[in-house]
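In: Sequence plus predicted model, see below.
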Amino acid sequence: MSYSPWENDGLPDLNIAATCPATEAHGPGLRAAVWVQGCAFQCPDCISPEWIPKRIETLMTPEKLAQQLLRRSDITGVTFSGGEPMLQAAGLARLMRLMRQQRELSLICFSGFQLEQLRHHPYGTGVAELLSEIDVLIDGQYIADKNDNQGLRGSSNQRIHFLTHRISPEEHAFESGKRKVEIYIQDGETLLVGVPPQGVLESFDTVIDKLQGGKL
């Protein structure tokens with residue numbers, strides 16, 4: 001059976017690039033973060049180019065991933081990014097419904113698609129279901145020349161949509177707050193979590209290259 005991260009091909013699996021069980025760098029409170037593999041866009045200078053290709057990374061059912069993320073009893077929300085979450089909308093919507101059956105959690109989601117397109121001309125299945133679960137949508141493609149080094153969005157063209165009252169604009173400076181990142185290490189893999197301030201990503205990559213080359 002073939003697998004395409006574009007629309008999930010009816011499979012019960014999510015194609016996951018990475019997860020972080022708890023972070024304070026991806027929105028208000030302590031949040032679990034999920035990055036999906038596969039993207040519809042080729043944004044120049046994307047901060048996660050390795051998650052753009054349409055390839056199988058780690059297949060997981062929503063049930064298994066929900067169980068994994070809920071092991072932390074102190075998380076207050078979830079953030080979806082990637083890759084492009086809307087290409088796996090049905091599976092992510094099910095994941096969030098399963099998690100909310102056990103705990104009240106907020107959901108922030110990044111998407112290169114704009115809200116109007118998602119509502120009126122969705123790319124694939126499950127988009128309406130995922131939109132109904134999202135509290136804050138950060139939409140629009142990343143434009144490197146418009147990276148103003150502020151807030152949770154990658155560039156100033158991206159918009160912040162508060163779709164519910166679960167998270168208020170006063171709760172977090174999505175547009176103008178100071179960026180922060182965290183380094184998460186698990187099973188020998190190193191993950192940079194958050195929207196990196198300018199220069200941080202290059203420094204991080206340099207350090208990782210030196211570590212892998214045994215120069216540190």
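Out: Perfect, I can see it now.

In: Let's see the pLDDT reported for Glu189.
Out: Note for Glu189: predicted pLDDT of 78.

In: residue closest to the middle of the chain?
Out: Ser81 (1.4 Å; Cα atoms, centre = their mean).

In: Chain neighbours aside, what residue packs nearest to that residue?
Out: Phe110 (4.4 Å; Cβ to Cβ, 6 or more residues apart in numbering). Glycine gets a C-beta too; all of them are placed from N, C-alpha and C.

In: can you check Glu57 too?
Out: Glu57 sits nearest to Gln37 (Cβ to Cβ, 6+ apart), 4.0 Å away.

In: Hmm, the one you found is touching Ser48, no?
Out: No. Judged on Cβ atoms under 8 Å, Gln37 makes no contact with Ser48 at a distance of 10.0 Å.

In: Show me where the chain has its strands.
Out: Under the criterion DSSP state E, strands of the chain are mapped to 14-23, 31-36, 58-60, 77-81, 106-111, 136-139, 159-162, 182-186, 189-193.

In: Tally up the residues packed near the closest residue to Ser106 other than its chain neighbours, please.
Out: Of all residues not flanking Ser106 in the chain, Gly77 sits nearest, at 3.8 Å (Cβ to Cβ, 6+ apart). Gly77 has 22 neighbouring residues, counting by other Cβ atoms under 10 Å.

In: Surely Gly77 and Leu105 touch.
Out: Yes. With contact defined as Cβ under 8 Å, Gly77 reaches Leu105; the gap is 5.3 Å.

In: and Tyr184, what are its bridge partners?
Out: Leu191 (DSSP bridges).

In: Next, count neighbours for it.
Out: 19.

In: so what's it up against?
Out: 20, 23, 190-193 (Cβ atoms under 8 Å, 6 or more residues apart in numbering).

In: Out of these, which two are the most distant from each other?
Out: Largest separation among these by Cβ to Cβ: Thr23 and Thr190, giving 14.2 Å.

In: Compare neighbour counts for the two and give me the winner.
Out: Neighbour count, other Cβ under 10 Å: between Thr23 and Thr190, Thr23 has more, with 21 against 13.

In: List the contacts of that one.
Out: Thr23 neighbours (Cβ under 8 Å, 6+ apart): 30-33, 79, 182, 184, 193-194.

In: cool, and Cys46?
Out: Cys46 touches 39, 52, 142, counting by Cβ under 8 Å, 6+ apart.

In: now these: which count as buried?
Out: 39, 52, 142 (16 or more other Cβ atoms under 10 Å).

In: Out of those, which is nearest to Arg119?
Out: Cys39 (20.3 Å).

In: close enough to count as contact, Leu137 and Val127?
Out: No. Counting by Cβ under 8 Å, Leu137 stays clear of Val127, with 11.3 Å between them.

In: Looking at those two, which one has more neighbours?
Out: Neighbour totals were compared for Leu137 and Val127, and Leu137 leads with 26 against 22 (other Cβ under 10 Å).

In: Mind pulling the model confidence for that one?
Out: Leu137 is given a pLDDT of 98.

In: Need the nearest residue in space to it, chain neighbours excluded.
Out: His161 (4.3 Å).

In: Reformat the strands of the chain as CSV; add distance to His121.
Out: CSV is the format used below for the strands of the chain (distance: least, Cβ to Cβ, whole Å):
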stretch, distance to His121
strand 14-23, 23
strand 31-36, 21
strand 58-60, 28
strand 77-81, 21
strand 106-111, 13
strand 136-139, 14
strand 159-162, 17
strand 182-186, 36
strand 189-193, 32
